[in-house]
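Undergrad: let me see the structure of the following:
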Amino acid sequence: MINLDYNSRIAIYEQIVMEIERYIALGILKENDKLPSIRQLAVELGINPNTVKKAYSILESKNIISSLSTKGTFITNKTKDVVNEKIDKEISYIKDKFKQLEKLGLTTQEIIKRVLE
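TA: Okay, here's the model as predicted:
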């Protein structure tokens, strides 16, 4: 389910957070879907359970997941809003970068071409 890059400079717990957010944005994970337990996901990924616990804590603080005692961890119904806010923030950042590059004399097509090279 979750793909990790063990050679990345990005911490494993951050990769788990980003992967779950990505799956929500893609519609793979939907509201009320149950996530694996901390222990189960740690075994699947071959990592320390504390790493998964930290990722789940971050996701819970963002209102993306909710843990229900003895029932499990679930995607919340606020998830789409949270993920869409993140997407909008990233798009705003990209637009700002485009404006900076356009001030340097590049056209939108030139920027896109260079990005895709």
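
Undergrad: please count neighbours and contacts with C-alpha atoms only from this point.
TA: Noted.

Undergrad: for Q15, which non-adjacent residue is spatially closest?
TA: L4 (6.5 Å; CA to CA, 6 or more residues apart in numbering).

Undergrad: that neighbour: what's it in contact with?
TA: By CA atoms under 8 Å, 6 or more residues apart in numbering, the contact list for L4 reads 12, 15-16.

Undergrad: over to L45?
TA: L45 touches I2, counting by CA under 8 Å, 6+ apart.

Undergrad: pLDDT value on it, please?
TA: Looking at L45, its pLDDT reads 95.

Undergrad: also I38?
TA: 95.

Undergrad: distance-wise, check it relative to L26.
TA: Distance, I38 to L26, using CA to CA, to the nearest Å: 23 Å.

Undergrad: so the spatially most distant residue from the centre of the chain: helix, strand or coil?
TA: Most distant from the centre of the chain: G105, at 33.5 Å, with distances by CA atoms, centre = their mean. The three-state assignment at G105 reads coil, by DSSP: H, G, I helix; E, B strand; the rest coil.
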